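> this is a predicted model, with the sequence first.
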Amino acid sequence: MNDGSWVFIDNLTANTARCLAEHPLASQGAVAITLAAGCYVALAAPAWALRVTSDRNLAATLSLSGLVAGACLFTTGLFYESLLMGASGAITCMLLVHVYYAACMVVACGAMAFAGVQIFCALHVRPAPLLRATIPGVLGAWLFALSVPVYQFALILRGAP
């Protein structure tokens with residue numbers, strides 16, 4: 001847990017907790033959408049990668065990154081589903097939580113950095129399809145916004161300082 005110096009993360013976690021508590025039906029719908037999006041991203045990543053680039057190495061990297069992002073989104077959905085069950089059903093295995101959080105942060109930050117570089121290149125270096133930048137940027141931001149509260153909730157439920 002943090003000491004309050006990270007206002008953005010504290011607000012994100014507090015707002016997520018409030019929404020989970022006040023809107024259980026909408027929360028279950030959001031969990032279902034996150035699970036479905038994780039499956040879709042993982043399955044569509046290879047085809048999307050081949051569509052946005054003709055470079056085989058970049059396509060392989062985008063495909064692998066999409067598979068990992070889909071797995072992280074799916075895992076995020078499972079974590080939120082366990083949180084909706086209450087403290088007794090929440091997944092709080094710290095090894096799993098730490099591996100999950102590290103993977104989500106790497107994928108989310110990498111996707112947003114990739115999107116930023118692609119937008120810069122499209123505007124200043126050579127024309128490139130912005131579809132190559134938009135989808136990873138949105139997925140990265142979504143994954144970041146979902147994974148931070150999961151980690152915070154796991155720490156709270158485990159009683160870690």
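Structure's in. What do you need?

> low pLDDT regions in this protein?
In the prediction, the chain carries residues with pLDDT under 70 at positions 1-5, 87-88, 128, 160-161.

> all strands of it, in order?
Here the chain has no strands by DSSP state E.

> what's the closest non-adjacent residue to Gly137?
Of all residues not flanking Gly137 in the chain, Ala115 sits nearest, at 3.1 Å (CB to CB, 6 or more residues apart in numbering). (Each C-beta comes from the backbone N, C-alpha and C, glycine too.)

> ok, that neighbour - contacts?
Ala133, Thr134, Pro136, Gly137, Gly140 (CB atoms under 8 Å, 6 or more residues apart in numbering).

> nearest to Tyr101 among those residues?
For the contacts of Ala115, the minimum distance to Tyr101 (CB to CB) is 14.7 Å, reached by Gly140.

> count the neighbours of the residue lying closest to the closest one once chain neighbours are set aside for me.
Spatially, and ignoring its direct neighbours in sequence, Gly140 is nearest to Ala111 (3.0 Å; CB to CB, 6+ apart). For Ala111, the neighbour count with other CB atoms under 10 Å is 25.

> Ala111 touches Gly70, doesn't it?
No. Contact between Ala111 and Gly70 fails when scored by CB atoms under 8 Å: they sit 11.8 Å apart.

> my guess is Phe74 contacts Leu35. True?
Yes. Taking contacts as CB under 8 Å, Phe74 lies within contact range of Leu35: 5.9 Å.

> mind listing what Thr61 touches?
Neighbouring residues of Thr61 by CB under 8 Å, 6+ apart: Ala49.

> before we move on, back to that, any idea how far the residue nearest to Gly140 is from Tyr151?
In this view, Ala111 and Tyr151 are 18 Å apart by CB to CB, to the nearest Å.

> sorry, back to before: now for the residue nearest to Gly140: which residues touch it?
Ala111 touches Ser65, Ala69, Pro136, Gly137, Leu139, Gly140, Leu143, counting by CB under 8 Å, 6+ apart.

> got TSV for those, with distance to Tyr100 too?
Formatted as TSV, those follow (distance: CB to CB, whole Å):
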residue	distance to Tyr100
Ser65	17
Ala69	13
Pro136	20
Gly137	21
Leu139	16
Gly140	16
Leu143	11
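
> save those residues as JSON lines, and put in distance to Asp10 and neighbour count too.
Below are those laid out as JSON lines (distance: CB to CB, whole Å; neighbours: other CB atoms under 10 Å):
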{"residue": "Ser65", "distance to Asp10": "29", "neighbour count": "20"}
{"residue": "Ala69", "distance to Asp10": "26", "neighbour count": "27"}
{"residue": "Pro136", "distance to Asp10": "27", "neighbour count": "26"}
{"residue": "Gly137", "distance to Asp10": "24", "neighbour count": "19"}
{"residue": "Leu139", "distance to Asp10": "24", "neighbour count": "24"}
{"residue": "Gly140", "distance to Asp10": "21", "neighbour count": "23"}
{"residue": "Leu143", "distance to Asp10": "19", "neighbour count": "26"}
